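Enquirer: Quick one: sequence plus predicted model below, questions after.
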Amino acid sequence: MSALFYSFVCFFLILTALVASEIKDILSAVISLSVFSVLLAIAFVALQAPDVALTQAVISSGLITSLFLVAYSQTQKEGRRENDEE
Amino acid sequence: MNIDITSAIACAFMVVGVFFAMTSALGMIRFPDVYTRIHAGTKALTGGALMTLVGAALYYPAWQVKAKILLIALFFLITNPISSHAIARACYLHGIKPTVSYKDDYGENLNNNGEETER
Amino acid sequence: MSKSCFLRIVTFLLCLALGWQFWKGILALEPTQIIIGPAAHYIESAAEETGATNIVAAILFDYRALDTLGEASVIYTSVCGIAMLFAKSKFKISSTGLSFIVKRGVSFIIPFLLLYAAGIVLMGHISPGGGFQGGAVFATATILFCIVYGSGFEAVMIKPKTKELIESSGALMFVLIGFVGLWTGAGFLANIAAGYPKGEVGRFLSGGSIPLLNIAVGMKVSAGLSTIFYSMIKLLEFEVTKHPGVKNK
């Protein structure tokens, strides 16, 4: 693949990884991680490795994101009850 | 000459599709409310992705590749509106109201019946 | 705050240095005319020796099948650990899932999703894919089922005991296929030398024991990942009686 396309994907990889590690809101970080994994799958296709790209796309952007969200929904913000039904 | 015209039409389709996808991203940033953002994310994005896929299907001469790409387009056409509907319904049930609303049919239905009528 | 700022700057410079080395390594990959080492032997003779067109599948399940057994046992151990961690939580009342439109729409999609997963698993020796990828897609279909219809419905359709049975029998099948090689005197997890039919290269029925190993790994991975998600979502289900955005009578 051309170096321009590859550097474009790499730039966005770096950007989303920085956002995922530096942002304070956990939900935005999880979604940024999911975008990172989709871009990584595209980079694997550009490097001619279809098996790894298939594994990365299915597991990291489908399963890992949903497991993170299930774990996140169990947490509470500090000083406030989660299920306020009123 | 025939192949040149086909690839030119395919490139035109892809350019228009990319334009729609870019306006969808712009709309997601600039719209004021979550419901209008979902509108931008569904209608413009589905149309743009479909046109890009149709352009890609026109570009390759083999019929197996065309059939696979059109199947992907059909799958995307079915699942994107369903997921946007699920998000919008979850937003309403969580308590987010639109910025300006004139008539709320869904809220009246829930209030009158106490729960959803169709399961 | 100066200590944490200093540490962040050091981390950033370290990431930059590693990224630069990575970029140099990727650019060095471009000219691939000359291949030396074991890769040359694999590329030249994988199709004739194993009968599989997909070289990655031939390496994973024939040349280095023992490493694949270790990887599968790592997945099995993690599934056992997570199921044991969440075992004490009792099953609460299950939710009723999403709305009618989503249920009808997803019920149209799910058979094709399962067909796609089965295709990836069974054609692992011809096209890119294999047991791990197909098993992950199966587990994604089960997770979709669980989210849209509620976990109670999913527990009735596919009982947790059935998932345990599928996972354990997948692991056992892998080891038993290897034992056939030991029994005929060719070594553990041997492929053609143990008597598995090689077939013609490129056909569906080819590759010796590679499709059987793909099916075993697919069974194990799909049941394992589905059990992980199911045991984590059991905690979440609650009965939705009041919606906070709607005024009730």
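Expert: Alright, I've got the coordinates.
Enquirer: For chain C, give me the ranges with low pLDDT.
Expert: Chain C contains residues with pLDDT under 70 at C:1, C:30-32, C:88-95, C:235-249.
Enquirer: rerun at 50
Expert: Chain C contains residues with pLDDT under 50 at C:239-249.
Enquirer: Kindly report the same for chain A.
Expert: For chain A (pLDDT under 50), the answer is A:82-86.
Enquirer: Could I get the full set of helices for it?
Expert: Counting by DSSP state H, chain A has these helices, from start to end: A:3-22, A:26-46, A:50-55, A:65-72.
Enquirer: Of those, which is nearest C:Lys220?
Expert: helix A:50-55 (15.2 Å; Cβ to Cβ). The way it works is simple: take the backbone N, C-alpha and C, and place the C-beta from them, glycine included.
Enquirer: quick one: is that closest one near chain C?
Expert: Yes. Interface with chain C: helix A:50-55 contributes A:Pro50, A:Asp51, A:Leu54, A:Thr55 (Cβ under 8 Å from any Cβ of the partner chain).
Enquirer: which strands and helices sit next to that helix?
Expert: Counting contacts by 3 or more Cβ pairs under 8 Å, 6 or more residues apart in numbering or on different chains; DSSP states H and E, helix A:50-55 packs against helix A:26-46, helix C:131-149.
Enquirer: which residues are in contact with the longest one?
Expert: Residues outside helix A:26-46 that contact it (Cβ atoms under 8 Å, 6 or more residues apart in numbering or on different chains): A:1, A:5-6, A:9-10, A:12-13, A:16-17, A:19-21, A:23, A:50, A:52-53, A:56-57, A:60-61, A:64-65, A:68-69, A:72, A:75.
Enquirer: From those residues, list the buried ones, please.
Expert: A:6, A:9-10, A:13, A:16-17, A:19-20, A:50, A:52-53, A:56-57, A:60-61, A:65, A:68 (16 or more other Cβ atoms under 10 Å in any protein chain shown).
Enquirer: Now do B:Pro61 against A:Val45, distance only.
Expert: 22 Å (Cβ to Cβ, to the nearest Å).
Enquirer: the more surrounded of those two?
Expert: A:Val45 (16 against 10; other Cβ atoms under 10 Å in any protein chain shown).
Enquirer: got the buried residues for the helix or strand of chain B with the lowest mean pLDDT?
Expert: The helix or strand of chain B with the poorest confidence is helix B:105-113; it has a mean of 78 (mean pLDDT, DSSP states H and E). Buried residues in helix B:105-113, defined by neighbour count with 16+ other Cβ under 10 Å: B:Gly107, B:Leu110.
Enquirer: chain center to it, what's the gap?
Expert: Chain-centre distance of helix B:105-113: 27 Å, with Cα atoms, centre = their mean, to the nearest Å.
Enquirer: For C:Gly70, the count of nearby residues, please.
Expert: Residues near C:Gly70, counting by other Cβ under 10 Å: 9.
Enquirer: Is it in a helix, a strand, or coil?
Expert: helix (DSSP: H, G, I helix; E, B strand; the rest coil).
Enquirer: tell me the most buried of the helices and strands packed on helix A:50-55?
Expert: helix C:131-149 (a mean of 24; mean count of other Cβ atoms under 10 Å in any protein chain shown).
Enquirer: OK, contacts around the nearest residue to A:Ser66 once chain neighbours are set aside?
Expert: Spatially, and ignoring its direct neighbours in sequence, A:Ser66 is nearest to C:Ile143 (6.0 Å; Cβ to Cβ, 6 or more residues apart in numbering or on different chains). C:Ile143 is in contact with A:Gly62, A:Leu63, A:Ser66, C:Ser226, C:Phe229, counting by Cβ under 8 Å, 6+ apart.
Enquirer: Leaving out sequence neighbours, find the closest residue to the residue of chain C found nearest chain A.
Expert: Nearest residue of chain C to chain A, counting by Cβ to the nearest Cβ: C:Pro128, 3.8 Å away. The spatially closest residue to C:Pro128, leaving aside those adjacent along the chain, is A:Pro50, at 3.8 Å (Cβ to Cβ, 6+ apart).
Enquirer: Chain C: helices as residue ranges?
Expert: C:2-27, C:38-50, C:55-58, C:65-85, C:100-122, C:131-149, C:151-157, C:160-184, C:210-233.
Enquirer: hmm, I was thinking of chain B
Expert: Under DSSP H, chain B gives helices at B:2-30, B:34-39, B:45-59, B:63-94, B:105-113.
Enquirer: okay, these, which one's buried deepest?
Expert: It is helix B:45-59: most buried of the helices of chain B by mean count of other Cβ under 10 Å, with a mean of 20.
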